[in-house]
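Trainee: Return a 3D structure for these sequence lines:
(chains A and B)
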Number of protein chains: 2
Amino acid sequence: MTQVHVVGVGMTRFGRHPDSDAADLGAAALMEAIADADIDPRLIEAAYCGHVFQGMVTGQRVLAQVGLAGLPLANVENACSSGATAIREASFSIRAGEYDVVAAIGTEHLTSQFRGALTPDPSDPEAAVGATMPGVYAMRARRYMEEFGMTREQLALIPVKNKANAARNPLAHFRKEISVADVLESRPIADPLRLHDCSPVTDGSAVVILMSDRAAARHANGRSVRLAASALRTGSVDTEPTSMTFEPLTRDTARDAYEKAGIGPEDVDFCEVHDCFSIAEVLRVEGLGLFPQGEYPIAVERGEASIGGRLPVNPSGGLIGKGHPLGGTGVAQVVELVRQLRGESGERQIEGARVGLAHCRGGKAVGIEGAACTVQILIR
Amino acid sequence: MTQVHVVGVGMTRFGRHPDSDAADLGAAALMEAIADADIDPRLIEAAYCGHVFQGMVTGQRVLAQVGLAGLPLANVENACSSGATAIREASFSIRAGEYDVVAAIGTEHLTSQFRGALTPDPSDPEAAVGATMPGVYAMRARRYMEEFGMTREQLALIPVKNKANAARNPLAHFRKEISVADVLESRPIADPLRLHDCSPVTDGSAVVILMSDRAAARHANGRSVRLAASALRTGSVDTEPTSMTFEPLTRDTARDAYEKAGIGPEDVDFCEVHDCFSIAEVLRVEGLGLFPQGEYPIAVERGEASIGGRLPVNPSGGLIGKGHPLGGTGVAQVVELVRQLRGESGERQIEGARVGLAHCRGGKAVGIEGAACTVQILIR
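Mentor: Below you'll find the predicted structure:
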């Protein structure tokens, strides 16, 4: 069976795009991915489009804008894992032998669709009593501080790191470095989380073009990166009691991905993880097995997660710095992985990176039913 | 590479379900499909959920209700082809070697989400000037009458046939036979279409359980039906000028499906097609190559499309009689195909049926960019 290779990547600037919609942004990113792959666009045989709030047949509108109307396309949704899920489905369509060249699009015009704190489902009784995303992550931060002695200042170092990376990313929503004091003095959102601990409401799109072995051999020109694993799980309380400070769902999805890729966490050179809030980055990298539980805040303090450190986390700026256009997020992570693995990341470049990991977590915040988690591993 | 087999089917009653939501309906249909397959539910390794208006992570909520939280699941959307697309993606995941047993769910609680005439996109300028679905199909009916001499009475025979079939389907939204006079005297919607020419606003869900060769050999107990083709295309104006009375998109998608299945239209014993309006059934069966262009109304008049006729069309009652819960529709068509091919359709049974075809068409009504068309072929 064929392997799957990322051969072209494209991405819009993340931020506010008042004069565009989700289809416009998707089309811009798709055009760039086609140019990056340096292929005739007519080689693309099918597409997948991940988004959350953009309404019916959004992906079809993307294709129409770039003259590719008519291709088979499925829109996919998995909350904040929607874009990553689009990549997974695209990879299945190639491995199934159905296509050789498939585009995975993630797009979201969030500023026009969305106000306030995200809730997984408006009918959710937990959300109705205040268990919105910021509320739940605030409780998780508080509990983690209690269990592992993390200080508020240590937690602030995560937005400081991610916004420093974003300042070096021309496509990031935020391009300004901040200090620990900036974090601690920013507007309270849900105690102890403050504005700089939160990912923003962002418009943006990213696209990757995937190929089979056969197509990559003809068209990749030696610039391809292998999609070694694309794992997905959804939330469950079956396996063990839900914990505020550890994510079995992230651990289990990562285990699937490591097994598929034939590597372990010790082989990962850098990662992009779902830092929807500062505390979320802690829970994710520990769930992924990249740092021991309770130790990530200290590792950040030592610079281990910075570019140039032992295991850079969110070199793109992450959701906090680069921005978080739901459907666009998971694809943009893979765009960052590919550019890093190709050595094209300029002043954000991680030297010698060979294995990159991308992690998304969508839907409900604690490990219950309305959630979707993805882990993708790319190897140069 | 493995083939894909439908091994279990389930479906709720279609109609109004004021005390349920889309997840409740999906769970009921999934439980029934598991019982029909007569398997341990823990054999199911992954799922896909097709819906349009049900919000984030709907499929995850279905799984949680039946104790299957935790499975990999992707929600998929392709307007009225959403359920059919879920089956396609599920089949790819099996052919890719990722899973052996996958559930494809289609569900929609439309009565709570939706009022008035469907438009593909509220921002669509065509919709804003009245080119809603009923408006466009009314123009197509008028043009077809002009080009091919179809009478208004001939057109009425399609709802008469479909509601006669629905009256024999315990799960249909409408269970009452109607006459040509009933159609012609019903409330005008968009001239010449009247209320009985239109599919209703329906709640409902359907589920199919798919298996690989290996799993079917162990678990199917000789009751499986092979999914010989699952083709998808989206709308384009590239190939030829859009016609009001013929659908190149349906023709081209069918061509893909016939090629994959290794059959021609002459091999099809019966079909379920997307009769969102009476005229739509005409356009679909002619686009599929099952009847020559301009001749279907006469064939209906002669009883050729009735149960017992040469090529029964919409034995389930179709969208007009059985109902049209967007995401549920495409999966329910395949449920009907499987039950017919197994000989389990009671007083609707088509004798000796071996090859069934299901057709969905979602999004914009004329062959332009915001559309998705599916054709699936099942062979006993």
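
Trainee: The residue of chain A most remote from its centre sits in which helix or strand?
Mentor: In chain A, residue A:218 marks the outermost C-alpha relative to the chain mean, sitting 29.3 Å out by Cα atoms, centre = their mean. Element membership for residue A:218, per DSSP states H and E: helix A:213-219.

Trainee: Centre of the chain to that helix, how far?
Mentor: 27 Å (Cα atoms, centre = their mean, to the nearest Å).

Trainee: So which elements touch the helix or strand following it?
Mentor: As assigned by DSSP H and E, the chain's next helix or strand after helix A:213-219 is strand A:225-234. Other helices and strands packing on strand A:225-234, by 3 or more Cβ pairs under 8 Å, 6 or more residues apart in numbering or on different chains; DSSP states H and E, are strand A:4-11, helix A:82-95, helix A:248-261, helix A:326-342, strand A:371-379, strand B:73-77. For glycine as for every other residue, the C-beta is placed from the backbone atoms N, C-alpha and C.

Trainee: any chance of the ones you listed in a markdown table, with mean pLDDT too?
Mentor: Output for the helices and strands packed on strand A:225-234, formatted as a markdown table (pLDDT from 0 to 100):
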| stretch | mean pLDDT |
| --- | --- |
| strand A:4-11 | 98 |
| helix A:82-95 | 98 |
| helix A:248-261 | 95 |
| helix A:326-342 | 98 |
| strand A:371-379 | 95 |
| strand B:73-77 | 97 |
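
Trainee: Distance to residue B:50 and mean neighbour count added to those, as a markdown table?
Mentor: Shown next, in a markdown table, are the helices and strands packed on strand A:225-234 (distance: least, Cβ to Cβ, whole Å; neighbours: other Cβ atoms under 10 Å in any protein chain shown):
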| stretch | distance to residue B:50 | mean neighbour count |
| --- | --- | --- |
| strand A:4-11 | 24 | 26 |
| helix A:82-95 | 13 | 30 |
| helix A:248-261 | 23 | 21 |
| helix A:326-342 | 17 | 29 |
| strand A:371-379 | 16 | 28 |
| strand B:73-77 | 5 | 29 |
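
Trainee: Of all these, which one is nearest residue A:279?
Mentor: helix A:248-261 (13.4 Å; Cβ to Cβ).

Trainee: Which neighbouring elements make contact with the closest one?
Mentor: Counting by 3+ Cβ pairs under 8 Å, 6+ apart, helix A:248-261 packs on strand A:225-234, helix A:278-287, strand A:355-363, strand A:371-379.

Trainee: Tabulate the ones you listed in JSON lines, adding columns for distance to residue B:371.
Mentor: Below are those laid out as JSON lines (distance: least, Cβ to Cβ, whole Å):
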{"stretch": "strand A:225-234", "distance to residue B:371": "28"}
{"stretch": "helix A:278-287", "distance to residue B:371": "39"}
{"stretch": "strand A:355-363", "distance to residue B:371": "28"}
{"stretch": "strand A:371-379", "distance to residue B:371": "28"}
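
Trainee: Tell me which residue is most central in chain A.
Mentor: Taking Cα atoms, centre = their mean, the centroid of chain A lies closest to residue A:330, which sits 3.4 Å from it.

Trainee: hang on, the earlier thing: out of the helices and strands packed on strand A:225-234, nearest to residue A:204?
Mentor: With Cβ to Cβ as the measure, helix A:326-342 is the member of those nearest residue A:204 (4.5 Å).

Trainee: And the pLDDT at the closest residue to chain B within the stretch 151-300 of chain A?
Mentor: Per Cβ to the nearest Cβ, residue A:236 is where the stretch 151-300 of chain A lies closest to chain B, at 3.0 Å. pLDDT for residue A:236: 71.

Trainee: Quick check: can you list the domain ranges of chain A?
Mentor: Chain A breaks down into these domains under automatic domain parsing: A:4-114+A:202-228, A:125-200+A:230-379.

Trainee: ranking the ones you listed by burial, who's on top?
Mentor: domain A:4-114+A:202-228 (a mean of 25; mean count of other Cβ atoms under 10 Å in any protein chain shown).

Trainee: how far does that domain sit from the chain's center?
Mentor: Using Cα atoms, centre = their mean, the offset of domain A:4-114+A:202-228 from its chain centre is 14 Å.

Trainee: Could I get the phi/psi values of the nearest residue to residue A:188 once chain neighbours are set aside?
Mentor: Leaving aside its sequence neighbours, residue A:188 sits nearest to residue A:194 (Cβ to Cβ, 6 or more residues apart in numbering or on different chains; 5.5 Å). Residue A:194 has phi and psi values of phi -120, psi 180 when expressed as degrees, to the nearest 10.

Trainee: Isn't residue A:194 up against residue A:187?
Mentor: Yes: taking contacts as Cβ atoms under 8 Å, residue A:194 lies within contact range of residue A:187: 6.3 Å.

Trainee: Pretty sure residue A:271 sits in a strand.
Mentor: Yes: remark: residue A:271 belongs to a strand, assigned using DSSP: H, G, I helix; E, B strand; the rest coil.

Trainee: Need the nearest residue in space to it, chain neighbours excluded.
Mentor: Nearest non-adjacent residue to residue A:271, counting by Cβ to Cβ, 6+ apart: residue A:357, 4.2 Å away.

Trainee: So that neighbour is in contact with residue A:285, correct?
Mentor: No: counting by Cβ under 8 Å, residue A:357 does not reach residue A:285; the two are 9.7 Å apart.

Trainee: what's the overlap in contacts for those two?
Mentor: Common neighbours of residue A:357 and residue A:285, counting by Cβ atoms under 8 Å, 6 or more residues apart in numbering or on different chains, are residue A:271.

Trainee: residues contacting residue A:352?
Mentor: For residue A:352, the contacting residues are residue A:269, by Cβ under 8 Å, 6+ apart.

Trainee: and residue A:153, what does it touch?
Mentor: With contact taken as Cβ under 8 Å, 6+ apart, residue A:153 is in contact with A:180, A:184.

Trainee: orientation of whatever helix or strand it lives in relative to helix A:278-287 in degrees?
Mentor: Assessed by DSSP H and E, residue A:153 sits inside helix A:152-167. Orientation check (axes from the mean of the first three to the mean of the last three Cα atoms, to 10 degrees): helix A:152-167 against helix A:278-287 gives 90 degrees.

Trainee: what is the orientation angle of helix A:152-167 with helix A:326-342?
Mentor: 70 degrees.

Trainee: Skip ahead from helix A:152-167 and say which helix or strand is next.
Mentor: Toward the C-terminus, helix A:152-167 is succeeded by helix A:180-185 as the next helix or strand (DSSP H and E).
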